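[1] Give me the fold of what follows.
(chains A, B, C, D, E and F)
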There are 4 protein chains.
Amino acid sequence: MSTEFQTSKPIYSQIADRIVQQFVRGELLPGEKLPSVREMAIQSGVNPNTIQRTYGELERLGVVETKRGQGTFMTEKNEMIQKMRTDIQQEIIQAFIQNMRQIGLSDEEIHHSVHECLKGGGAS
Amino acid sequence: MSTEFQTSKPIYSQIADRIVQQFVRGELLPGEKLPSVREMAIQSGVNPNTIQRTYGELERLGVVETKRGQGTFMTEKNEMIQKMRTDIQQEIIQAFIQNMRQIGLSDEEIHHSVHECLKGGGAS
Amino acid sequence: MSTEFQTSKPIYSQIADRIVQQFVRGELLPGEKLPSVREMAIQSGVNPNTIQRTYGELERLGVVETKRGQGTFMTEKNEMIQKMRTDIQQEIIQAFIQNMRQIGLSDEEIHHSVHECLKGGGAS
Amino acid sequence: MSTEFQTSKPIYSQIADRIVQQFVRGELLPGEKLPSVREMAIQSGVNPNTIQRTYGELERLGVVETKRGQGTFMTEKNEMIQKMRTDIQQEIIQAFIQNMRQIGLSDEEIHHSVHECLKGGGAS
DNA sequence: GTGGTCTAGACCACA
DNA sequence: GTGGTCTAGACCACG
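    Model (predicted):
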């Protein structure tokens, strides 16, 4: 699974984002063990140092916990999970609103469009 | 300006999408001349045939009009412009709702979140 | 069977026309598998890309359906079949009337001539 | 003007047909001088002998008249002109009916189709 | 110059 | 195997 990365953002950060997203979407469960640094490095096709930095960053944010000699695990703290969810949610909404404004829609129109789309079939 | 392309979608299609977006965002005006097939190929770092296909696809959709020996031009038909705008709008909304549902939000919550975000500062 | 093509019309389009005609005349049946792109290219004495374009065009028109890894098949939709029949019919009639007018016949005379010819032996 | 010829019919005969058609369509007038054998041979990209045979055939049919030392001229006999017109007309009608039958139309339907097409806009 | 078509040959995803 | 995409390079008709 050699993933591709953007040039604008550091790779270690992109991988961190990916892990958070997988967690929020339920593809990673609370307390679940993450692949080892070496294993994840191979999977992602990057240098182990990069993954090291990714895990460090995630631990600093309280998203994962590292247990010496055992590995890296997703947090089990419910508050953390909630926070991550709302964080991601905010990112999605802000990006959405930015997009809509960029094509010239007013806030009123954005609100109305969402309402219409949810009332109707919505996204499949 | 050697752009990078995704692997999942055909390049000619990605370039077509880019042109439509630029048009909807006002970076391209109705009736404006697009770069020649060869010029755009150089700019995008792809083969002229790929751009040819892009322009062909766009003409089939009524987004551009080609005049032999003169060049390729954005359409001036207002109905087409409106259609493109609503089409892109729908795409953005559907992607947004899909994202929100994927992280476990109900339609009610989605609606509420947008409302809150628009009431507050909104996107920067 | 190296067929000859006109210079005025694109080859890919001429081959498409040929397929539609064969279908309308019953030489190709609904749901029947067409030769593979490479096979048809050899039969027609053209490049595989040209056939690719032919098949693409026909699919866009709803005349054929392609199944990745399996092949290209004539449509089975009755409405499509009917449409093709009437389309071709219109083409033939229009060309006929154009020819007749070009040699100076009035609409009345055209009508009369057809009537006479059908009443008599007709075409062999 | 290097014309292309079919393989099924002799070239001299195809050129003869072309001349007759041009005459019937008014592109060649009664009594008009045809290009010399050598000139026509160059125009058509064939051997002068082929044109010689074409003119011979046309003279045998009474379509052209050859005057020694002056050249070859379209006939001025009205009866001949009329005959040619009806001959060509018959060819067109027969080919038309054959085409229509080939796609499965009955004589009744053919008649009806022509009627409809003439009643409506007809060929442009 | 412009767009349009065609060839030759390559690689990919799918089944 | 299948269809689909892409590149490289050629030729054409049009203005």
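[2] domains for chain A, by residue range?
    A:11-76, A:79-119 (automatic domain parsing).
[3] how long is the longest one end to end?
    It refers to domain A:11-76. Using Cα to Cα, to the nearest Å, one end of domain A:11-76 lies 26 Å from the other.
[4] which non-adjacent residue is nearest A:L34?
    A:T72 (4.5 Å; Cβ to Cβ, 6 or more residues apart in numbering or on different chains). (Glycine included, C-beta is placed from N, CA and C.)
[5] Kindly apply the preceding question to A:A16 instead.
    Nearest to A:A16 is A:T54, by Cβ to Cβ, 6+ apart, at 4.9 Å.
[6] Let me know the distance separating that neighbour from chain D.
    To chain D, A:T54 is 67 Å away according to Cβ to the nearest Cβ, to the nearest Å.
[7] Distance-wise, check that residue relative to B:Q14.
    With the distance defined as Cβ to Cβ, to the nearest Å, A:T54 ends up 28 Å from B:Q14.
[8] Compare the two and say which is more crowded by neighbours.
    Higher neighbour count among A:T54 and B:Q14: A:T54, with 28 against 18, using other Cβ atoms under 10 Å in any protein chain shown.
[9] mind listing what the more buried one touches?
    Counting by Cβ atoms under 8 Å, 6 or more residues apart in numbering or on different chains, A:T54 touches A:12-13, A:15-16, A:19, A:40.
[10] and the lengthiest helix in chain A, what does it pack onto?
    Assignment by DSSP state H gives helix A:78-102 as the longest helix of chain A. Packing partners of helix A:78-102 (3 or more Cβ pairs under 8 Å, 6 or more residues apart in numbering or on different chains; DSSP states H and E): helix A:11-24, helix A:107-119, helix B:78-102, helix B:107-119.
[11] Pass me the low-pLDDT residue ranges in chain A, would you?
    A:1-4, A:6-8, A:121-124 (pLDDT under 70).
[12] Now do the SS call for A:F73.
    Taking DSSP: H, G, I helix; E, B strand; the rest coil as the rule, one finds A:F73 in the strand state.
[13] if I pick the residue nearest in space to the middle of chain A, what's in contact with it?
    Residue closest to the average C-alpha location in chain A (Cα atoms, centre = their mean): A:Q21, at 2.9 Å. Taking Cβ under 8 Å, 6+ apart, we find A:Q21 in contact with A:I88.
[14] Check the gap between it and A:I92 for me.
    10 Å.
[15] What of A:Q70?
    34 Å.
[16] So these two - more neighbours on which side?
    Between A:Q70 and A:I92, A:I92 has the larger neighbour count (other Cβ under 10 Å), namely 20 against 9.
[17] ok, now which residue in chain A is the farthest from the centroid?
    By Cα atoms, centre = their mean, chain A has its most distant residue from the centre at A:E108, 29.3 Å.
[18] how many degrees apart are the helix or strand containing A:M40 and helix A:11-24 in direction?
    Element membership of A:M40, judged by DSSP states H and E, is helix A:37-44. Computed by axes from the mean of the first three to the mean of the last three Cα atoms, to 10 degrees, the angle separating helix A:37-44 from helix A:11-24 equals 90 degrees.
[19] List the buried residues for helix A:37-44?
    A:37, A:40-41, A:44 (16 or more other Cβ atoms under 10 Å in any protein chain shown).
[20] Format these as a markdown table; extra columns: distance to DNA strand E.
    Listed next are the buried residues of helix A:37-44 as a markdown table, based on distance: Cβ to the nearest atom of the strand, whole Å:
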| residue | distance to DNA strand E |
| --- | --- |
| A:V37 | 27 |
| A:M40 | 22 |
| A:A41 | 22 |
| A:S44 | 17 |
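[21] Let me have the residues you listed in TSV, adding distance to A:M80 as columns.
    Formatted as TSV, those follow (distance: Cβ to Cβ, whole Å):
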residue	distance to A:M80
A:V37	22
A:M40	21
A:A41	25
A:S44	23
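[22] farthest pair in the residues you listed?
    Of all pairs drawn from the buried residues of helix A:37-44, the widest gap by Cβ to Cβ lies between A:V37 and A:S44 and measures 10.6 Å.
[23] Report the set of residues contacting both of those two.
    With contacts taken as Cβ under 8 Å, 6+ apart, A:V37 and A:S44 have A:I51 as neighbours in common.
[24] Do I have it right that A:P30 meets A:I81?
    Yes: under the criterion of Cβ atoms under 8 Å, A:P30 makes contact with A:I81 at 6.4 Å.
[25] and those two? which has more neighbours close in?
    Using other Cβ under 10 Å as the criterion, A:P30 and A:I81 rank with A:I81 on top: 16 against 13.
[26] residues touching the more buried one, list them.
    A:23, A:30, A:75.
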